[in-house]
Structure formats: C-alpha cells, structure tokens
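Participant: pasting the structure only:
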C-alpha cells in the first residue's frame, strides 16, 4: 500500500520497522521521541548512532524499530528523520528518500516524498502518533535546508556547539531547558529562530498592532477553516495554507507559544489540530487530507473552538479567526452562538474568501440594531494571497483592536 504526502494509516500496538532507502548520497537515519508539546522530554529522546535505543524505539543501520506497546504514555509521537552526511561537502537531497513501514501480519506501507529542490539536508519522513487509544503513521516528507541544527532546535534538543551536526555525531548536551511560570515579553526572536520564513509577515502583523495601539495586549488566537466541497480548489492551490501561515505570524505577536489551534469545519465532527512555528510548512495540506469533504457546519466548529478555549483556562481573551467560503446553513444557530459568547472574552472575525456567497457574514453588523459587539467581517477577496501584507493585517486586526481597547 502506498501513502501520499500527508496521508495516514492505522497501526497495531506491536513492533513496526521503518526502513529508509536513499539514492545518490550517504545519509544517516535517526528518530525523535516527542511529548504532547512536540518537544523531546530530554536529550535522551534523540535515538541515533551514538544512542541507539530509548523507551521502545531503536535504530540499526538505516531502519528504525518502534515497539509501540513499550513506548511510554508520555511519548505522543515518534518522528523518523534522514540526514545527509555533512562530511560530504555540498551533499543535499534531490531524490527524496523512500520509507517502507512493516508490521507482522499487515501489508507493507510505502512512502516516497516529492523530490527536493531547495538544498534540503534533512528530511522528516514520517511520524508515528497516538490517536484514539491506538497508533497511526503519517507520511510527512518535510525537508530542512538548515540541517540537523535547525531540526534539533525545532524539537527542543540541545547540542554541543563544537560538534559537527550529523546524526552520527550529534552529541546531546545536558538538558538546560527550564520550566518557569514567568511569561516573557513577546518578541520575534522565536520566529526568527524557528520559522524565519514567517519573520517578514510577523513584522507586518506587529506593525499593524502597533499602529492600532494594542502591541502590548495578549490574546489566544484560534483558526477555523471551511472544509466544504467548494473550498477544494483553495486547498489544492495552497491558498488556505498561505492564509494559515499569515494567521500564525499574527499569533506570534499576540501569544508567544508559537501555536494556533486549527478547527476544520466539516460536518458534525469538526477536526481539531494545531499549526506551530516548528511544523507550519505544508501543515494544512497534511491535516486536511484527514478530513472528509462535506457541507461544513460552522456552528459546530465555533462550539469546538469555544470549548477548547474554556478548557485551556487561558486568562487572555480569545481571537477566533473563522475563514468562511459560503453562507452557513443554520444562520439562527450561528447568531445564537455569537450572542452567547459575547460575555466570555471571545472576539470573532469571519474572513471571507473563495467563490461562495458571504452576505450573511457581511451583514451581521450592518443594521443599526446589531448587537454583535464582539464580531467583525473581513473580505479577503477571491485569493487572500494577492492582498499585500500591510493591507491584509490592517483588515485582520482593525475591529479586534477597537474591541480590545478600553
């Protein structure tokens, strides 16, 4: 059975062997054990040549074996990585590595990522992750041009600065991460370090907040995405991915955890995941393949977002950006939700783009008798990617800033 990039398959709670084949260059294979926060619990969670086994995950030559029944409950994901040998000058991936996953009694799973063209020296091939009490495998195929140093930073591994950064020479330092309750002032150093590609839009978003006098205010940013049939073209053209990246860049200015919960509006069971500074590349494409196309139920997605916000115990208000591509089928229910959340510290921004009708959202506050003080609409045109950054962020934060100001 073949997997395409972003697709997943169920596994049984038994050993799974992930074999990696690389064409054209010498490469090393390693694995990372990650907690629910997407970070290693300690530097021992890097499994590689000099540390070949940890908590049910082991490595031999070009294969990673994960005994899923032995992986501790604190491990949420196991990431499989291939890296070019840095001792070969100029060694980069052009032909993508091939991954074969096998379990006894089950058909083999084969994944070959699209070829790389941007000087990638490290590839995250796949991840094993917990879902509904069991395990699944997801084909990832994400390349890093920053090498294992960049990947190690993304996943929270400390490395000795004097060591060459290869999986065969990656020497974990003593863990120096600290856990404190003090909340640092939000700046963009985290974006520059983890997601330099988002630095320019993050600066544009920050300037929009400065211009409107709320640069010192904080909020938990959420993103709802329409997954109705009529949005298929927008996903395939990466317009939705680009939109989500811009929202993530805004979030970096309002909440420095670098994470935005994402809810896909599709039927009565909206799919909730997250996009982060350390995984945003191609993330929407990976996630939306797990969601069926259907008539979107935006009201149900709104309830899911509010429920998540309340359960999080956040002290800051919520800024929920809901991308909509057509009018809701239950308008009365949406209006009721907007009224009932006005006192919860929740601001709703409906962002319209696509080819559907949006009159309902445009007219929510059009009449003099409108009572939705915590609601606004922004028309991002047929393709939001064509809107210049300064103009885009002005439209995104204008009404929110007015709501936030005393």
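Facilitator: Yep, that arrived. The structure presented is a predicted model; accordingly, all values stated were derived computationally and were not measured. Numbers count the residues shown, from 1 in each chain.

Participant: Low-confidence ranges, the protein, go.
Facilitator: Residues of the chain meeting the criterion pLDDT under 70: 85-90, 145-150, 153, 158-187, 267-268, 296, 366-371, 406.

Participant: what's near enough to touch the most centrally placed residue in the chain?
Facilitator: In the chain, the C-alpha nearest the mean C-alpha coordinate belongs to residue 275, at 2.1 Å (Cα atoms, centre = their mean). Contact analysis of residue 275 by Cβ atoms under 8 Å, 6 or more residues apart in numbering lists 223, 244, 248, 259, 260, 262, 283, 284, 287. Where C-beta positions appear, they are placed from N, C-alpha and C, glycine not excepted.

Participant: ok, 10 Å please
Facilitator: With contact taken as Cβ atoms under 10 Å, 6 or more residues apart in numbering, residue 275 is in contact with 223, 241, 244-245, 247-248, 251, 258-262, 281, 283-284, 286-287.

Participant: Return the subset of the residues you listed lying in helices.
Facilitator: 241, 244, 245, 247, 248, 251, 283, 284, 286, 287 (DSSP state H).

Participant: which one of those sits closest to residue 192?
Facilitator: Ranked by distance to residue 192 (Cβ to Cβ), the ones in helices among the contacts of residue 275 are led by residue 248 at 14.3 Å.

Participant: From residue 47, how far out is residue 320?
Facilitator: Going from residue 320 to residue 47 by Cβ to Cβ, to the nearest Å gives 39 Å.

Participant: for residue 299, same thing?
Facilitator: In this view, residue 299 and residue 47 are 45 Å apart by Cβ to Cβ.

Participant: The two: which is more packed in?
Facilitator: residue 47 (26 against 22; other Cβ atoms under 10 Å).

Participant: Can you name the element that comes right after the strand or helix carrying the more buried one?
Facilitator: Assigned by DSSP states H and E, residue 47 falls within strand 46-47. Following strand 46-47 in sequence order, the next helix or strand is strand 53-54 (DSSP H and E).

Participant: partners of that next one, with directions?
Facilitator: Strand 53-54 pairs in its sheet with strand 57-60 (antiparallel), by DSSP bridges.

Participant: I'd like to know how many residues surround residue 207.
Facilitator: Residues near residue 207, counting by other Cβ under 10 Å: 16.

Participant: Could you look up the SS state of it?
Facilitator: Three-state call for residue 207 (DSSP: H, G, I helix; E, B strand; the rest coil): helix.

Participant: for it, what are its contacts?
Facilitator: For residue 207, the contacting residues are 215, 253, 389, 390, 393, 394, by Cβ under 10 Å, 6+ apart.

Participant: ok, those vs residue 96, which is closest?
Facilitator: Of all the contacts of residue 207, residue 389 has the smallest distance to residue 96: 31.6 Å, by Cβ to Cβ.

Participant: That closest one reaches residue 198, doesn't it?
Facilitator: No - counting by Cβ atoms under 10 Å, residue 389 stays clear of residue 198, with 11.3 Å between them.

Participant: out of these two, which sits in the busier spot?
Facilitator: Neighbours were counted for residue 389 and for residue 198 using other Cβ under 10 Å; residue 198 has more, 23 against 16.

Participant: What sits closest to residue 312 if chain neighbours are left out?
Facilitator: Closest residue in space to residue 312, ignoring its immediate chain neighbours: residue 220 at 7.1 Å, by Cβ to Cβ, 6 or more residues apart in numbering.
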